[in-house]
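**Student:** model the structure of this input:
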Amino acid sequence: MMMSEEHTDLEAQIVKDIHCKEIDLVNRDPKNINEDIVKVDFEDVIAEPVGTYSFDGVWKVSYTTFTVSKYWCYRLLTTLLGVPLALLWGFLFACISFCHIWAVVPCIKSYLIEIQCISHIYSLCIRTFCNPLFAALGQMCTSIKVMLRKEV
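**Tutor:** Numbers count the residues shown, from 1 in each chain. Next up is the predicted model:
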């Protein structure tokens, strides 16, 4: 009875920890999954080689336009689509987890149980038929002698 209560308390604490996890608003990519993929700055997209420079004012305005438009477009898209896409991805990964837990793992376990039974039958057949055959062939070959001579 005591173990069951402790187990239930532990489960309740784990569920509470998962749903009440503190969100880091400063470092929003703690595992660096987007380190090199979507980190795009003006210099990564637009570059003028030596000898083909635009006016300095155009370059500065282009830089500012690119940076500000990227910033606000991202903010607008995340405002409009962030929550619906989070819902969609949450649903998708819940479905994947459900299928893995309730279909894939049981199928694999069932396969392993059945293949184990078949492997015992296969092993029995090998020991019954092949072992005596190869033992007899080995006995027959024990009387063979090979002599090597070196002729000059």
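**Student:** the strands in the protein, which residues?
**Tutor:** Per DSSP state E, the chain has no strands. Nothing in it meets that criterion.
**Student:** mind naming the longest helix for the protein?
**Tutor:** Among all segments of the chain classified by DSSP state H, the helix with the greatest residue count is helix 56-99.
**Student:** let me see the mean pLDDT of it.
**Tutor:** Along helix 56-99, the predicted local confidence has a mean pLDDT of 96.
**Student:** relative to the whole chain's centre, how far out is it?
**Tutor:** 24 Å (Cα atoms, centre = their mean, to the nearest Å).
**Student:** repeat for stretch 124-138
**Tutor:** 45 Å.
**Student:** stretch 55-67 too?
**Tutor:** Taking the mean of its C-alpha atoms, stretch 55-67 sits 41 Å from the chain's own mean (Cα atoms, centre = their mean).
**Student:** now tell me what touches that stretch from outside.
**Tutor:** Outside of stretch 55-67, the residues that reach it under the criterion Cβ atoms under 8 Å, 6 or more residues apart in numbering are 41-42, 45-46, 48, 53-54. C-beta coordinates here come from the backbone N, C-alpha and C atoms, glycine included.
**Student:** again, only using 6 Å
**Tutor:** Under the contact criterion Cβ atoms under 6 Å, 6 or more residues apart in numbering, stretch 55-67 has outside partners Phe42.
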